[in-house]
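Novice: pasting a predicted model and its sequence here:
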Protein chains: 2
Amino acid sequence: MISIKDIAKKAGVSISTVSYALNGNPKVTEETRMRILKIAQELNYVPNAAARTLKNRVSKIIGVYLNDFSGAFYGEVLQGMKEVLNKRGYDLIVCSGSYSHRWLPQRMIDGAIVLDHSFASEELLHLAGNGHKVVVLDRELNHPNVNQVLLDNKAGASLAVEFLIDKGHRKLYVVSGPKGSYDSRQRMQAVKQTVERHPEVECIEIEGNFDKESGEEAAKRIVAEYKEPAAVFCLNDEMAIGVYNTVMKANYRIGEHIHLIGFDNIELTQYTQPRLATIDYSKRKWGTLASEQVLKLIAGEEVEHERIYVTLVEGESVGRG
Amino acid sequence: MISIKDIAKKAGVSISTVSYALNGNPKVTEETRMRILKIAQELNYVPNAAARTLKNRVSKIIGVYLNDFSGAFYGEVLQGMKEVLNKRGYDLIVCSGSYSHRWLPQRMIDGAIVLDHSFASEELLHLAGNGHKVVVLDRELNHPNVNQVLLDNKAGASLAVEFLIDKGHRKLYVVSGPKGSYDSRQRMQAVKQTVERHPEVECIEIEGNFDKESGEEAAKRIVAEYKEPAAVFCLNDEMAIGVYNTVMKANYRIGEHIHLIGFDNIELTQYTQPRLATIDYSKRKWGTLASEQVLKLIAGEEVEHERIYVTLVEGESVGRG
DNA sequence: TTGTACGCGTTATCAT
DNA sequence: ATGATAACGCGTACAA
């Protein structure tokens, strides 16, 4: 491996001169600087990241933690993060699994963005307590070194429920997410609050866990109980897709017998026929905001928690009731 | 930040004793060892990754390069990679964008897995020339430090075309991928070879670029030219979905007027009604093999290029012609 | 422009 | 048999 020592030898100068030259320090003349840069080029010099990080105590890398790599949903969020970080001279690495949790205390990354429910809040608080900077996208966590960028789950769930009620539906199934999910809890709370304001509405909760299979399970029950048209609010789109397929297979029509709305506006919803109604929000914005917040934390700036606003996407999957 | 120095001070021993103790070196008695471990625990000691990497010259991290984070398709591949790597004491980071290319020469990662067409082959050869270990999943590249784990594109494309011909179709559209894509070129070559063996088949090539939009474009043309039932082979599923939607919108039926097959068996294909025929392969296997190969390269073992086999998934999107 | 201490963990060498 | 001293890896930045 080529080090500044090799360059120094070849250029006939000291290593400090090389370091200054490479870092554009005005302590060296433009002339020797060019000479050294040329030699570095010739030798294919690349600074050793470990040595630099060791000295500088920063890596200029931000890690984002996902519970798994299944991604479909995260692509845009990550893209948004990367854009901002690269612009500010930082790199992004995507991590998954508890092994990689050590990268923050090991100082391999300068900050973390967490969208991984399996990353324990106590662990995060502990890290924050040791001065590490964390942005959470999937929970509420209060600590000076932790910032939140959360979806406006309550608004979204209210929008969805009110849309169904406005369309005239009075029998409403709600398929929840997993117990541990903050997003699911928030959405469910808002559902209950909204329904309470409409005593004429019957609301039946079915437990799900955000994956397609649980949507299918829920749909089986709904189909089995079918007597008259009903509305279904799945707390995410993936489950809605599961419901969608199962209902279709049972020869009921979406938007006619079963009225369906999801949450997230994942790409897949565009492909369904009739189009799935859902709750949308800018995934890119979510990513860019998260990045900006983590950089602010690192810079020691004062930061307020942020919220991502949501909108209703109407679709033919919900008809008049 | 807590370092071994702090532990040494607290334990009243030297830093080397601490290091030996932490690394289980028999040079220290079990007794002092336990004492030191306890203190390390108390102080929340975490070794500094940079210092360790600097000394050891290995990071025990493998980087996988993706052209973007859109992921839907990569999830399983990444999961497979992670499984193998974690089992072998390595970590995985997911990278995207040319900034992160430097991590290999900077020795931040011990090896790279490339599934990113925008990562230039010359750059990879150059890295390999400098002793870096690379596994490519998206091109042919011959160098002792580079290993290939490629899809059996030709078999897949032949399977698809033969399936269409067997079903009695004689008019065949093929929607290609982007010019630069190795997978697309391979698949297209196999299409041509297969069609040549069937002079009664008319084959029309439409240029695409692997995204949904280009499938839609292709479908517009196919619909405009429609006179009699035709078969369409999209060189990936995403484009097939684009074709699917556009054909449906034009009120032609998939599997009746337009017979459609894709490639990749992405999750989405399961949701289409009728089910999209496609070419399947184990994405997990692709990931595990890639990881195994990169570890073998690092270990200095002799490795042969690997191939991922493919199978045909029939679907109602292709009917009798 | 250069010598050198420093950041932190590893390990060979020397001393007890 | 135990454990301490010191050199090393590489880049940075202060003092000279």
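Specialist: Right, received. Where do you want to start?
Novice: count of residues packed around the residue in the stretch 201-321 of chain A that DNA strand C sits nearest to?
Specialist: Nearest residue of the stretch 201-321 of chain A to DNA strand C: residue A:298, at 17.7 Å (C-beta to the nearest atom of the strand). C-beta: built from backbone N, CA, C; applies to glycine. Residue A:298 has 18 neighbouring residues, counting by other C-beta atoms under 10 Å in any protein chain shown.
Novice: likewise the one 4 residues further on?
Specialist: The number of residues packed near residue A:302 is 7, by other C-beta under 10 Å.
Novice: got the contact list for the most centrally placed residue in chain A?
Specialist: Centroid-nearest residue in chain A, with C-alpha atoms, centre = their mean: residue A:115, separated by 5.0 Å. Residue A:115 sits next to A:64, A:65, A:66, A:67, A:74, A:77, A:137, A:138 when contact means C-beta atoms under 8 Å, 6 or more residues apart in numbering or on different chains.
Novice: and the longest helix belonging to chain A with chain B, contact?
Specialist: Using DSSP state H, we find that the single longest helix of chain A is helix A:283-299. No - Helix A:283-299 lies apart from chain B when judged by C-beta under 8 Å from any C-beta of the partner chain; the minimum separation is 9.5 Å.
Novice: what packs against whichever helix or strand comes after that helix?
Specialist: Where DSSP states H and E defines the elements, the next helix or strand beyond helix A:283-299 is strand A:306-308. The elements that strand A:306-308 packs onto, with contact taken as 3 or more C-beta pairs under 8 Å, 6 or more residues apart in numbering or on different chains; DSSP states H and E, are strand A:146-151, helix A:283-299.
Novice: relative to DNA strand D, which of those is closest?
Specialist: The closest of the helices and strands packed on strand A:306-308 to DNA strand D is helix A:283-299. By C-beta to the nearest atom of the strand, the value is 16.5 Å.
Novice: may I see the buried residues of the closest one?
Specialist: Within helix A:283-299, the residues that qualify as buried are A:283-298, counting by 16 or more other C-beta atoms under 10 Å in any protein chain shown.
Novice: and the angle from that helix to strand A:146-151?
Specialist: With axes from the mean of the first three to the mean of the last three C-alpha atoms, to 10 degrees applied, the angle from helix A:283-299 to strand A:146-151 works out at 170 degrees.
Novice: I'd like the average pLDDT over helix A:283-299.
Specialist: Model confidence over helix A:283-299 averages 97 on the pLDDT scale.
Novice: contacts for it, please.
Specialist: A:62, A:64, A:73-85, A:88, A:90, A:92, A:110-113, A:133-135, A:137, A:145, A:147, A:149, A:151, A:303, A:306, A:308.
Novice: in terms of helices and strands, where is residue A:172?
Specialist: Using DSSP H and E, residue A:172 falls within strand A:171-175.
Novice: shaky segments in chain A?
Specialist: A:71-72 (pLDDT under 70).
Novice: next one: the closest residue to residue A:279 other than its chain neighbours from DNA strand D, what distance?
Specialist: Using C-beta to C-beta, 6 or more residues apart in numbering or on different chains and skipping residues adjacent in sequence, the residue nearest residue A:279 is residue A:156, 4.0 Å away. Separation of residue A:156 from DNA strand D (C-beta to the nearest atom of the strand, to the nearest Å) stands at 46 Å.
Novice: from residue A:265, how far off is residue A:156?
Specialist: 10 Å (C-beta to C-beta, to the nearest Å).
Novice: quick one: the strands in chain A?
Specialist: A:61-66, A:91-96, A:111-115, A:133-136, A:146-151, A:171-175, A:202-206, A:230-234, A:258-261, A:278-280, A:306-308, A:311-313 (DSSP state E).
Novice: what residues does chain A have near DNA strand C?
Specialist: For chain A, the contact set with DNA strand C under C-beta under 7 Å from any atom of the strand comprises A:12-17, A:20, A:27-29, A:32, A:51, A:54-55, A:57.
Novice: do that again at 10 Å, thanks
Specialist: Selection of chain A residues close to DNA strand C by C-beta under 10 Å from any atom of the strand yields A:4-5, A:8, A:11-21, A:25-33, A:35-36, A:48, A:50-57, A:106-107.
Novice: and those residues near chain B, which?
Specialist: Within the set of those, contact with chain B (C-beta under 8 Å from any C-beta) is found for A:48, A:50, A:51, A:53, A:54, A:106, A:107.
Novice: can you tell me which of those residues are in helices?
Specialist: Counting by DSSP H, these place A:50, A:51, A:53, A:54 in helices.
Novice: redo the residues you listed as JSON lines? Include neighbour count.
Specialist: Output for those, formatted as JSON lines (neighbours: other C-beta atoms under 10 Å in any protein chain shown):
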{"residue": "A:50", "neighbour count": "24"}
{"residue": "A:51", "neighbour count": "17"}
{"residue": "A:53", "neighbour count": "25"}
{"residue": "A:54", "neighbour count": "19"}
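Novice: distance to residue B:191 for the residues you listed - can I get that in TSV?
Specialist: Shown next, in TSV, are these (distance: C-beta to C-beta, whole Å):
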residue	distance to residue B:191
A:50	48
A:51	51
A:53	49
A:54	53
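Novice: follow-up on the earlier one: overlap of the contact sets of residue A:156 and residue A:265?
Specialist: Residues touching both residue A:156 and residue A:265 by C-beta under 8 Å, 6+ apart: A:279, A:281.
Novice: between these two, who's got more neighbours?
Specialist: Ranked by neighbour count (other C-beta under 10 Å), residue A:156 and residue A:265 place residue A:156 first, with 26 against 23.
Novice: surely that one touches residue A:264?
Specialist: No - counting by C-beta atoms under 8 Å, residue A:156 stays clear of residue A:264, with 9.1 Å between them.
Novice: common neighbours of the two, please.
Specialist: Joint contacts of residue A:156 and residue A:264 (C-beta under 8 Å, 6+ apart) are residue A:279.
Novice: how about the residues of chain A near DNA strand D?
Specialist: Within chain A, the positions adjacent to DNA strand D are A:1-8, A:14-23, A:25, A:27, A:40, A:45-56 by C-beta under 10 Å from any atom of the strand.
Novice: type out the PyMOL command that picks the buried ones from those residues.
Specialist: Buried residues within the residues of chain A next to DNA strand D, by 16+ other C-beta under 10 Å, are selected in PyMOL with:
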select buried, chain A and resi 2+3+4+6+7+8+17+18+19+20+21+22+40+45+46+47+48+49+50+51+52+53+54
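Novice: for residue A:259, give its distance to residue A:192.
Specialist: With C-beta to C-beta as the criterion, residue A:259 and residue A:192 are 20 Å apart.
Novice: which one of those two is surrounded by more residues?
Specialist: It is residue A:259, of residue A:259 and residue A:192, that has more neighbours when counted by other C-beta under 10 Å, with 27 against 14.
Novice: what comes up buried for stretch A:175-193?
Specialist: Neighbour-count burial for stretch A:175-193 flags A:175-178, A:181-188, A:190-191 (criterion: 16+ other C-beta under 10 Å).
Novice: which of the residues you listed sits closest to DNA strand C?
Specialist: Nearest to DNA strand C among those, with distances taken as C-beta to the nearest atom of the strand, is residue A:182, at 34.2 Å.
Novice: and the residue nearest to that closest one when sequence neighbours are not counted, backbone torsions?
Specialist: Counting by C-beta to C-beta, 6+ apart, residue A:182 lies nearest to residue A:139, which is 4.6 Å off, once chain neighbours are set aside. Backbone torsions for residue A:139, taken as degrees, to the nearest 10, come to phi -170, psi 170.
Novice: contact partners for residue A:139?
Specialist: A:114, A:117, A:121, A:148, A:182 are the contacts of residue A:139 under C-beta under 8 Å, 6+ apart.
Novice: for the residues you listed, which two are the farthest from each other?
Specialist: For those, the farthest-apart pair by C-beta to C-beta is A:117 and A:148; their separation is 14.4 Å.
Novice: about what we covered before: among the residues of chain A next to DNA strand D, name the ones in helices.
Specialist: Using DSSP H, the residues of chain A next to DNA strand D in helices are A:4-8, A:15-22, A:40, A:49-56.
Novice: can I get stretch A:162-170 as PDB, trimmed to CA atoms?
Specialist: This file holds the C-alpha atoms of stretch A:162-170, laid out as PDB (Å, rounded to 0.1, in the frame of the first residue of the first chain):
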ATOM      1  CA  GLU A 162     -62.800  10.000   7.300                       C
ATOM      2  CA  PHE A 163     -62.500   9.200   3.600                       C
ATOM      3  CA  LEU A 164     -64.200   5.900   4.200                       C
ATOM      4  CA  ILE A 165     -66.900   7.400   6.300                       C
ATOM      5  CA  ASP A 166     -67.500  10.200   3.900                       C
ATOM      6  CA  LYS A 167     -68.000   7.700   1.200                       C
ATOM      7  CA  GLY A 168     -70.800   6.400   3.200                       C
ATOM      8  CA  HIS A 169     -69.300   3.300   4.800                       C
ATOM      9  CA  ARG A 170     -70.600   2.300   8.200                       C
END
